[in-house]
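>>> Return a 3D structure for these sequence lines:
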Amino acid sequence: MKKITIINALLSLLAVVLFASCGDDISNSAAGLSTDFMVSTSEQTFAKSGGTIDFYVRAASKPSVSSSADWAVVSEQTSASTVTYKYSLAVAENTGYDDRTATVTVKLGESTKDIAITQKADNGLLLEQTSFDVPASGRTITVKLKSNGTYSFTTDASWITSPDTRATMQEYSHQFVVAPNYVGESRKGTITFTQGDLVEAVTVNQAANSEASITVSALEVASDMYPGWNLGNTLEAPFSSGDGLSAETSWQGTKTTQAVIDYVKSLGFKSIRIPCSWYTHFDAGTTTINAAWMARVKEVVDYCVQDGLYVILNDHYDGGWVETSFNKTDETTVTANCETMKTLWTQVANTFKNYDKHLIFAGLNEPNQSQQTTMTDAQMNALIKYEQAFIDAVRATGGNNSNRVLVIQGPKTNVDETLSLMPVSKFPTDTQSGKLMLEVHFYTPWQFCGLLEDADWGKMQYFWGAANHVAGSDRNVDSNYEESYIADRFAKLKTAYFDHGVPVVIGEYACLWRNLSANQAEHDASVTLFNKTVNEQAINNGLIPFVWDTNSLSRPSMTIVNRAGRNVFCQPALTGVQNGVAAASWPR
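Residues are numbered from 1 along each chain as shown. Below is the predicted model:
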């Protein structure tokens with residue numbers, strides 16, 4: 001009300017100044033009308049709440065005054081003289097969403113003067129349609145709305161994206177791209193529009209993917225999967241406290257987000273291996289996987305699948321419940337472990353049963369890796385039974401799991417032991433044909449790849465590849481374990497497995513990137529060449545390489561991606577991966 005009072009005072013003062021020279025004895029002649037007819041204001045603006053102001057008319061006789069709108073009412077007030085007429089303009093509250101205008105017309109004879117009235121509206125945000133049904137194949141939807149102020153929008157689903165944002169009450173259209181539904185089951189997302197305190201939401205319902213049945217073979221899938229990357233030191237961490245979700249950042253500090261996965265994809269990776277713990281996340285005293293943990297793993301899988309990436313989801317070390325159990329091969333132990341394997345994988349498989357070919361399950365990680373001796377027949381028999389239990393459990397859940405590609409592990413995932421002890425003829429059986437992959441890991445030689453301090457059996461090695469050796473150094477890798485060694489071992493894997501319809505997953509490989517006091521350039525070149533050779537020779541022989549990545553940002557480290565910063569930590573390693581892929585040709 002103070003604002004209106006001040007305006008009235010100013011208008012009164014204006015009237016005095018404007019009309020001071022006219023005098024009370026103004027002529028009534030026609031000539032005097034066109035000269036002396038004046039109005040104290042030509043335009044007025046009101047807030048949403050409205051208000052009242054006075055205005056004055058200078059005229060030789062009483063004019064007629066009218067308003068074009070019923071919400072702007074003019075009334076005559078007591079005039080100060082016979083030539084100065086006072087009027088009051090009352091504007092009602094604007095309860096609508098649109099700004100509005102009116103005209104007050106002052107008429108004297110044939111002469112008219114107008115006062116333009118503008119009144120602002122409250123913030124307005126109106127959606128024309130608040131729900132969309134989208135087929136599994138995805139499509140672009142257009143959301144139409146009206147607004148008279150700056151607004152923003154957000155989506156709660158990574159599979160709904162928009163390239164633009166708009167902002168006053170006008171009609172706008174926003175296009176949102178709904179990605180194909182790779183996860184199979186129906187899903188719902190929300191687009192939220194916000195203007196000040198106003199919130200409006202649009203619901204997007206996407207149908208289940210009825211055409212997501214898996215018809216491709218393991219060989220057909222494999223040719224689309226390289227290169228691969230490991231989300232290492234993350235979801236394989238054991239239960240910590242509460243619902244176990246804090247485990248995700250207990251071994252490294254970055255929570256996985258869609259943005260992290262998007263960045264990994266942007267570097268050229270086509271698959272992500274998700275090492276995962278399940279057994280250590282059973283609810284206390286049960287064999288039921290904690291629901292919050294299962295939901296979080298599913299969320300991370302969805303980040304990857306939504307990007308069109310392939311995912312290998314495994315049961316990793318997981319507290320060693322089965323991986324370190326091979327010192328006991330009695331029937332009671334093996335039977336109990338098989339039952340646990342079935343219970344665990346039945347729950348996981350049911351959660352993901354509608355996902356399409358982009359999701360692959362791997363039963364174990366590195367069975368018996370803790371043992372340094374070659375696995376015995378009894379240990380191999382136990383391994384095959386565990387892998388059989390895994391396959392049977394997944395297949396029994398039905399849906400897409402009936403045809404899903406599955407990965408079994410060689411003994412210790414050691415290349416030489418796998419070649420020696422696990423030919424295709426000794427594989428566990430599968431109700432489906434051509435749906436199995438075999439997994440091995442590659443960290444050879446360990447002195448170069450992973451040794452952190454000199455040992456009595458060998459020293460750390462920094463320089464890999466003849467072109468990168470430093471003359472006279474005792475840190476050069478033995479030439480017997482460089483390019484020719486990789487080419488030989490990978491070719492043997494092709495002959496033993498790929499040529500029999502079984503592609504091989506190199507589930508992990510990496511070498512430490514070290515910070516040296518001298519010859520850093522030769523070491524960096526060694527890291528690049530090692531990664532290039534592994535990728536080139538793997539792909540040439542039908543093997544799918546997955547680089548191990550720990551997200552540790554200090555050296556020595558097996559880290560390529562700085563997840564928090566979404567930038568490259570080890571460029572030598574990434575360059576090697578990319579160069580190897582570019583130089584390779586998948587066998588046909």
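>>> where do the strands sit along the stretch 301-450 of the chain?
310-314, 359-362, 406-409, 436-442 (DSSP state E, counting those that start in this stretch).
>>> which secondary structure elements does the longest one contact?
Yep, that's strand 436-442 we're talking about. helix 218-222, strand 406-409, helix 415-421, helix 483-496, strand 504-509 (3 or more C-beta pairs under 8 Å, 6 or more residues apart in numbering; DSSP states H and E). Heads up, the C-betas are built off the backbone N, CA and C, glycines and all.
>>> pLDDT value on V297, please?
For V297, the model assigns a pLDDT of 98.
>>> who's in contact with the helix or strand hosting it?
Using DSSP states H and E, V297 sits within helix 291-306. Contacts with helix 291-306, where a contact means C-beta atoms under 8 Å, 6 or more residues apart in numbering, come from 158-159, 179, 182-183, 231, 235, 239, 243-245, 248, 256-258, 260-261, 272, 274, 276, 281, 310-311, 313, 347-348, 351-352, 355, 358-359.
>>> quick check: angle from it to strand 310-314?
With axes from the mean of the first three to the mean of the last three C-alpha atoms, to 10 degrees as the basis, helix 291-306 and strand 310-314 are set at 150 degrees to each other.
>>> Buried by neighbour count: which residues of helix 291-306 qualify?
Using 16 or more other C-beta atoms under 10 Å as the test for burial, helix 291-306 gives W293, M294, R296, V297, V300, V301, D302, Y303, C304, V305, Q306.
>>> Reformat these as TSV; add distance to D70.
Shown next, in TSV, are the buried residues of helix 291-306 (distance: C-beta to C-beta, whole Å):
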residue	distance to D70
W293	64
M294	63
R296	60
V297	63
V300	61
V301	62
D302	56
Y303	57
C304	62
V305	60
Q306	55
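>>> Tell me the one of these nearest Y481?
Comparing those against Y481 with C-beta to C-beta places C304 closest, at 33.4 Å.
>>> and T155, how far is that from K188?
According to C-beta to C-beta, to the nearest Å, T155 and K188 sit 12 Å apart.
>>> try S67
In terms of C-beta to C-beta, S67 sits 51 Å off from K188.
>>> quick one, which of the two is more surrounded?
Ranked by neighbour count (other C-beta atoms under 10 Å), S67 and K188 place S67 first, with 18 against 11.
>>> for that one, which residues make a bridge with it?
According to DSSP bridges, the partner residues bridging S67 are V104.
>>> In this model A102 seems to touch it, though I could be wrong.
Yes - between S67 and A102 a contact is recorded at 6.1 Å, counting by C-beta atoms under 8 Å.
>>> what touches both of these two?
Common neighbours of S67 and A102 (C-beta under 8 Å, 6+ apart) are I117.
>>> hang on, the earlier thing: now the strands of the stretch 301-450 of the chain in a markdown table, with mean pLDDT, distance to H469 and mean neighbour count?
Converted to a markdown table, the strands of the stretch 301-450 of the chain look like this (pLDDT from 0 to 100; distance: least, C-beta to C-beta, whole Å; neighbours: other C-beta atoms under 10 Å):
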| stretch | mean pLDDT | distance to H469 | mean neighbour count |
| --- | --- | --- | --- |
| strand 310-314 | 98 | 35 | 25 |
| strand 359-362 | 98 | 37 | 24 |
| strand 406-409 | 98 | 34 | 26 |
| strand 436-442 | 98 | 21 | 24 |
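>>> quick one: which of the ones you listed is nearest N327?
Here strand 406-409 is closest among these (C-beta to C-beta), at 17.8 Å.
>>> Quick one: list the elements packing against the closest one.
Strand 406-409 makes packing contacts with strand 359-362, helix 377-396, strand 436-442, strand 504-509 when contacts are defined by 3+ C-beta pairs under 8 Å, 6+ apart.
>>> Neighbouring strands - and their directions - for that strand?
According to DSSP bridges, strand 406-409 forms sheet pairs with strand 359-362 (parallel), strand 436-442 (parallel).
>>> Pipe these into a markdown table and attach distance to E93 per row.
Shown next, in a markdown table, are the strands paired with strand 406-409 (distance: least, C-beta to C-beta, whole Å):
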| stretch | distance to E93 |
| --- | --- |
| strand 359-362 | 58 |
| strand 436-442 | 71 |
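>>> Let me know which of these is the nearest to T287.
T287 lies closest, by C-beta to C-beta, to one member of the strands paired with strand 406-409: strand 359-362, at 18.3 Å.
>>> what about dumping the CA coordinates of that closest one to CSV?
Extracted as CSV, the C-alpha positions of strand 359-362 are listed here (Å, rounded to 0.1, in the frame of the first residue of the first chain):
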residue,chain,number,x,y,z
LEU,A,359,24.2,-58.5,-20.2
ILE,A,360,26.4,-61.5,-19.7
PHE,A,361,26.9,-63.4,-16.4
ALA,A,362,30.3,-64.8,-15.3
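>>> Contacts for it next, please.
For strand 359-362, using C-beta under 8 Å, 6+ apart, the contacting residues are 221, 273, 301, 305, 310-315, 345, 348-349, 352, 390, 394, 404-409, 437, 439, 505, 507.
>>> that older thread, dump the strands of the stretch 301-450 of the chain to CSV, plus distance to E482.
CSV is the format used below for the strands of the stretch 301-450 of the chain (distance: least, C-beta to C-beta, whole Å):
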stretch, distance to E482
strand 310-314, 28
strand 359-362, 29
strand 406-409, 26
strand 436-442, 13
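>>> looking at those strands, which is closest to N381?
Per C-beta to C-beta, nearest to N381 of these: strand 406-409, 14.4 Å.
>>> chain center to that closest one: distance?
Computed by C-alpha atoms, centre = their mean, to the nearest Å, the separation of strand 406-409 from the middle of its chain amounts to 28 Å.
>>> How many neighbouring residues does T101 have?
For T101, the neighbour count with other C-beta under 10 Å is 12.
>>> I meant L512, not that one.
The number of residues packed near L512 is 22, by other C-beta under 10 Å.
>>> That one and A466, how far apart?
20 Å.
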